[in-house]
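Visitor: Attaching a predicted model along with its sequence, questions to come.
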Amino acid sequence: MTEDIQQTVLEILQDLTGEDLSERMDEDIFETALLDSMDTVQMVLALEEQLGVDIPVSEFERDQWATVTKIVAQVQALQA
């Protein structure tokens, strides 16, 4: 399950950034300017659609979603 989530997250981020982040799982995607605010909205929508989670914007803390590793953990928590 975790591998499926991770693969989906990596695919979504590659679509948005044009970069393969599989070797950069703990790189901050906001500090490195890989995602801007519009891309972040698209990422959230894609995660909700493809992984069946509800990500409330009011509870979206950028630092909790800043790396591939953190995104996978957040999606797992929302699916639990």
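Guide: Sure thing, it's come through.
Visitor: Grab the nearest non-local neighbour of the residue most central in space within the chain.
Guide: Taking CA atoms, centre = their mean, the centroid of the chain lies closest to residue 71, which sits 4.4 Å from it. Spatial nearest neighbour of residue 71, chain neighbours left out: residue 9 (5.1 Å); criterion: CB to CB, 6 or more residues apart in numbering. Bear in mind the C-beta positions are built from the backbone N, C-alpha and C, glycine included.
Visitor: What strand or helix carries the one you found?
Guide: helix 2-17 (DSSP states H and E).
Visitor: Sort out which residues of that helix are buried, please.
Guide: Using 16 or more other CB atoms under 10 Å as the burial criterion, the residues of helix 2-17 that qualify are 5, 6, 8, 9, 10, 12, 13, 16, 17.
Visitor: Next: stretch 66-75.
Guide: 66, 67, 68, 70, 71, 72, 74, 75.
Visitor: and the gap between the fifth one and residue 6?
Guide: What it means is residue 71. 9 Å (CB to CB, to the nearest Å).
Visitor: now do the fourth one
Guide: Between residue 70 and residue 6 the computed distance is 12 Å (CB to CB).
Visitor: could you check the angle helix 2-17 makes with the one helix or strand residue 38 maps to?
Guide: Residue 38 belongs to helix 37-51 when elements are defined using DSSP H and E. Per axes from the mean of the first three to the mean of the last three CA atoms, to 10 degrees, the angle that helix 37-51 makes with helix 2-17 is 150 degrees.
Visitor: Assign a three-state SS to residue 29, would you?
Guide: coil (DSSP: H, G, I helix; E, B strand; the rest coil).
Visitor: Going forward, count from 128.
Guide: In the new numbering, first residue 128, that becomes residue 156.
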